[in-house]
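[1] I'll drop the sequence and a predicted model, then ask my questions.
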Amino acid sequence: MSAFLAPETVEDPKNQTVVAGFNVTLNCTAKGSPMPSITWIKNNDPLAIQSNPRIKYINTALDDKQIHSQLVIEDAKKEDKGKYHCVANNTVGEKASNPAFLSIEDLGETYAVYYFLT
């Protein structure tokens, strides 16, 4: 007989900066019994990720208690910047990760500023 354990995050997503137009991946790992499911939230709005067709997440079971999730943002745009965190949930409870902040750099703007200043 296995004990029921509330979810806990094992790996929190990390702050990242990506150049506009490139892909970016945020990672999260959680454990619990039963194995939790993982969802992602942007700027405290659960619908922000679901409504963006360039964002997908891939959940992979590591064993019977741990799950790893990757949030993949394709063709990153300025509007993708913000605070992201994952939420692990099972029948015992739920646990939110620490937040990660995503910054988007537009190289066109960087070059324009550099050119102007030189």
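    It's in.

[2] how about low-confidence regions in the chain?
    Across the chain, residues meeting the criterion (pLDDT under 70) sit at 1-2, 109-118.

[3] what do you get if the cut-off is 90, keeping everything else the same?
    Across the chain, the ranges flagged by pLDDT under 90 are 1-3, 46, 50-51, 106-118.

[4] could you pull out the helices for it?
    Secondary structure of the chain (DSSP state H): helices at 46-50, 107-117.

[5] Look up how far residue 104 lies from residue 4.
    41 Å (CB to CB, to the nearest Å). Bear in mind the C-beta positions are built from the backbone N, C-alpha and C, glycine included.

[6] One more: residue 37?
    28 Å.

[7] Show me which of these two is the more surrounded one.
    Just comparing residue 37 and residue 104: by other CB atoms under 10 Å the higher neighbour count belongs to residue 104, 20 against 16.

[8] any idea what sits nearest the more buried one, other than its immediate chain neighbours?
    Nearest non-adjacent residue to residue 104, counting by CB to CB, 6 or more residues apart in numbering: residue 81, 4.7 Å away.
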